[in-house]
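K.L.:
Mind folding the following:
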Amino acid sequence: MKASIFIVVVLALGALAAHYLMADNGYVLINFRGYTVEMSVPVMAFLLLLTYMVVRLLVRVWRAPRKLGEAVAQRRLRKAGERITLGYIELGQGNFAKGERLLTKGARNSETPLLNYLAAARAAHAQGDTERRDAWLDMAAEQEPRAEATVLLTRAQLQMDDDDVDGAAETLSEVLEASPKNTEALRLKAEIAVAREEWRVLEELLPRLRKSRKVPATLLDEWTVSAWVPLLEDAAGDSARSRSLWKAVPKALQDRPALIRARVRSLLAAGESRQAESLLRSALKKQWAEELVLAYGDLETPPAADRLKRVEKWLQQHPEDPSVLLVAARLCVATELWGKARSYYESSVAIRPSPQAWHELGQLLQQMGEQEGAFNAFQQGLTQSYPGAELPRLPNAKLSD
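P.N.:
The predicted structure follows:
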């Protein structure tokens, strides 16, 4: 503005100087509806500039209220932004109460009120105040109706974090009712199914989650194993159901020992022992797993003697595997080969002692009439069961050595 005034003054002085100094400074005649105006060219130029400046001034005066309002609004936004930044800093440092106050003070003037309220809800949740948490979430939904699903998902996550599984399930049902393909809602529902051990619900959800490709494959694999083991065991005796479940397992997971053992149990319950034995042998050729070796020892067919021959062949390849030694010992007991059974048991506990192996060895020695050896084996098993157990010190007690 100052520059404009300076220019006008300079031009005015120039026009005035030209009017008096120039010999012929020009002549302007304006005739409009009977009115006549006469002036020199410099004066005409000066009047035009003056008119221009007056118009600009009037425009500025006219816009001043709006400019003032914009300046005030910008100031409010700047202050709101500073408060938001400080609020997140406080939350990051664990000062949830202060962070909550900063985030919600003037939140409506913020450019991101939805984020403010969601962060405030998490801060209230961290302080254990569920009522205030839900109030902030309600305000977030009112502020941005388009974000209703986001707000509901946040509520469900916080409810699950608070172990309110039933409340989270109700909240998710609202989301899925409006948006049945919402991947995050389906993922959270799967988490609830795992927590509740609702394996049939998880069975229905997993194909949809795999199809979405938005949930990590490792997590889906973990859930598949967690669900299919009990599902296969529940299907024991129902060949059709068991077969259908096994086909539904992704090929990449069909070599998981836990799933194979569950499948074997369902086959045995259905009387398909040969198929169970074949499945175990095939699996052990692909991967050597203790769980599968122990499952092979639990079979009833082929006869124990035949299974013992196979296990002893495995021992040639895995001579120091305690699980193979334990299975060999059990099969020797089944075939009444007491001496070999004792040798296998002792080799197994020497490599990796376990309460179960010590107890079985004790029973064998007791059967063989070796009471002292049986007592020692049982004692070792008890010690293994309660590691580090000590006799409590009794006050004023006198114990003889």
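
K.L.:
ranges for the strands of the protein?
P.N.:
28-32, 35-39 (DSSP state E).

K.L.:
and these, which one's lowest on average pLDDT?
P.N.:
Per-stretch mean pLDDT for those is lowest at strand 28-32 (a mean of 67).

K.L.:
quick one: the nearest residue to Tyr296 once chain neighbours are set aside from Pro302, how far?
P.N.:
Leaving aside its chain neighbours, Tyr296 sits nearest to Leu280 (5.0 Å; criterion: Cβ to Cβ, 6 or more residues apart in numbering). From N, CA and C alone the C-beta is placed, and that goes for glycine too. Separation of Leu280 from Pro302 (Cβ to Cβ, to the nearest Å) stands at 12 Å.

K.L.:
More neighbours: which of those two?
P.N.:
Leu280 (22 against 13; other Cβ atoms under 10 Å).

K.L.:
residues contacting the more buried one?
P.N.:
Ile260, Val264, Leu292, Ala295, Tyr296, Leu299 (Cβ atoms under 8 Å, 6 or more residues apart in numbering).

K.L.:
With Gln363 instead?
P.N.:
Taking Cβ under 8 Å, 6+ apart as the test, what Gln363 contacts is Ala374.

K.L.:
Ser244: how many residues sit nearby?
P.N.:
Count around Ser244 with other Cβ under 10 Å applied: 11.

K.L.:
ok, now Glu170?
P.N.:
13.

K.L.:
What distance do you get for it to Asp129?
P.N.:
20 Å.

K.L.:
which one of the contacts of Leu280 is nearest Val327?
P.N.:
For these, the residue nearest Val327 by Cβ to Cβ is Tyr296; the value is 6.6 Å.

K.L.:
picking that back up, which one of the contacts of Leu280 is nearest to Trp199?
P.N.:
Looking across the contacts of Leu280 and measuring by Cβ to Cβ, the closest to Trp199 is Ile260, at 17.8 Å.

K.L.:
quick one: contacts for the closest residue to the closest one other than its chain neighbours?
P.N.:
Setting aside the residues directly before and after it, Ile260 is nearest to Ala283 in space (Cβ to Cβ, 6+ apart), at 5.0 Å. Ala283 sits next to Asp255, Pro257, Ile260, Ala289, Leu292 when contact means Cβ under 8 Å, 6+ apart.

K.L.:
now with 10 Å?
P.N.:
Applying Cβ atoms under 10 Å, 6 or more residues apart in numbering, we find Ala283 in contact with 254-257, 259-261, 263-264, 289, 291-292, 295-296.

K.L.:
Show me these that map onto helices.
P.N.:
Pro257, Leu259, Ile260, Arg261, Arg263, Val264, Glu291, Leu292, Ala295, Tyr296 (DSSP state H).

K.L.:
Run a quick neighbour tally on Arg265.
P.N.:
19.

K.L.:
Can you give me the pLDDT of it?
P.N.:
Confidence score, pLDDT, at Arg265: 88.

K.L.:
thinking it is in contact with Ala276, fair?
P.N.:
Yes. Counting by Cβ atoms under 10 Å, Arg265 touches Ala276, with 8.2 Å between them.

K.L.:
Spit out the residues that contact these two alike.
P.N.:
Residues within reach of Arg265 and of Ala276 at once, by Cβ under 10 Å, 6+ apart, are Ala295, Asp298.

K.L.:
can I see the domain layout of this structure?
P.N.:
Split into domains by automatic domain parsing, the chain comes to 231-301, 302-384.

K.L.:
gap between the shortest one and the chain center?
P.N.:
Right, the one you point to is domain 231-301. Relative to the mean C-alpha coordinate of its chain, domain 231-301 is positioned 31 Å out (Cα atoms, centre = their mean, to the nearest Å).

K.L.:
Just the endpoints, please. Distance across it?
P.N.:
24 Å (Cα to Cα, to the nearest Å).

K.L.:
now swap in the longest one and tell me
P.N.:
The stretch domain 302-384 measures 33 Å between its terminal residues, going by Cα to Cα.

K.L.:
how far is that domain from where the chain is centred?
P.N.:
Here domain 302-384 is found 45 Å from its chain centre; the criterion is Cα atoms, centre = their mean.

K.L.:
Arg208 contacts Pro180, correct?
P.N.:
Yes. Arg208 is within contact range of Pro180, at 9.4 Å (criterion: Cβ under 10 Å).

K.L.:
if you count what's nearby, which of these two comes out ahead?
P.N.:
More crowded of Arg208 and Pro180, by other Cβ under 10 Å: Arg208, with 14 against 10.

K.L.:
residues in contact with the closest residue to the more buried one other than its chain neighbours?
P.N.:
Using Cβ to Cβ, 6+ apart and skipping residues adjacent in sequence, the residue nearest Arg208 is Leu186, 6.0 Å away. Neighbouring residues of Leu186 by Cβ under 10 Å, 6+ apart: Leu172, Val175, Leu176, Ser179, Pro180, Leu205, Leu206, Arg208, Leu209, Ser212, Lys214, Val215.

K.L.:
Kindly give the local confidence score, pLDDT, for Leu186.
P.N.:
Confidence score, pLDDT, at Leu186: 93.
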